[in-house]
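Novice: Give me the fold of what follows.
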Amino acid sequence: MAVSFTRYGRLYYLDPGPYSPKVGDKVLVPTDAGPEVAECVWPPQWVSEDIGGLPVCAGMATEEHLARDEANRRRRAEGRSIAKRLIRKHGLPMKVIGVDYLDADNIFKVYFSAPHRVDFRALVRDLARTVKARVELRQVGPRDEARLQGGIGPCGRDLCCATFLKDFEPVSVRMAKDQDLPVNPLRIAGACGRLMCCLKYEHPLYVEAHRRMPRLGQRVDTPEGSGQVVARNVPADEITVRLDDGRRCSCPAASVCAPRRQHDAAYGRTD
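Specialist: From the prediction side, this is the model:
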């Protein structure tokens, strides 16, 4: 099963154990600070492969758990407001990204971004005295900032890092070139300003597709005549060909593949 601690937030996978929650039910998720309340996003389902190491659902949330979770949410909102106010008071170049509150230990963890290292010792003392709790400040990078804040990517969908991606992997411009994308920062950068994460996990698909597709500039025979390949559409598995008479046509990559043509010639078309 999959749960999320915030609406449209990052997904976390659990072993449902003996419980069968439905979508929208509140369940308890074991954490280092004790069971926390989360919302069921994907109900329990069987999977073909054997997956081990998943935390086991700690049960269904009761009214007591929901009340505690709501109190913690209010404390986090309060801590965020106070942190912003004190940062302005101290004149520090910091931006609050997220606040976490562990009620069991009475600890506020404030995540912030800054253009450089910041001396926030006076801020920590002032903040701890105001919220009457222990305070920890942690500086995060642009990618972690986008993951914590969430948002919409250039594709129009929720950010991958804020939903299903668990770890950040290195992304290179070479991957963009292999996917026939223009090397333009405005076209291949995500909300964080870094190269889009999807360039990494979609890269093997494009490498395999380009291996079996005709290369750009290659002459091919299509159902509408002979011509030269001028574009490749990997998601649609199609190629665009400029025919000898000047027209352009789009056709499935398999229709211009030599083994496919040999098969059709020997056995006839089946579609």
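Novice: Which pLDDT value goes with the residue positioned nearest the centre of the chain?
Specialist: To find the centre residue of the chain, average its C-alpha atoms and take the closest one (C-alpha atoms, centre = their mean): that gives residue 160, at 1.5 Å. Among the per-residue scores, residue 160 holds a pLDDT of 86.
Novice: so what's the backbone phi/psi at the closest residue to it other than its chain neighbours?
Specialist: The spatial neighbour of residue 160 that comes closest, neighbours along the chain excluded (C-beta to C-beta, 6 or more residues apart in numbering), is residue 197 at 5.2 Å. Glycine gets a C-beta too; all of them are placed from N, C-alpha and C. Main-chain dihedrals, residue 197, degrees, to the nearest 10: phi -60, psi -30.
Novice: Spit out the contact partners of residue 197.
Specialist: Going by C-beta atoms under 8 Å, 6 or more residues apart in numbering, residue 197 touches 160-161, 165, 168-169, 171, 190.
Novice: Among those residues, which pair sits farthest apart?
Specialist: Pairwise distances across these peak at 13.4 Å for 169 and 190 (criterion: C-beta to C-beta).
Novice: circling back to that earlier point, what distance do you get for the residue nearest to residue 160 to residue 167?
Specialist: When C-beta to C-beta, to the nearest Å is applied, the distance between residue 197 and residue 167 equals 10 Å.
Novice: Any regions of this protein where pLDDT drops low?
Specialist: Low-confidence segments of the chain, defined by pLDDT under 70: 8, 257-271.
Novice: which residues in it form strands?
Specialist: Assignment of strands within the chain using DSSP state E yields the ranges 2-4, 12-13, 26-29, 36-42, 95-102, 107-113, 134-139, 219-222, 225-233, 238-243, 248-252.
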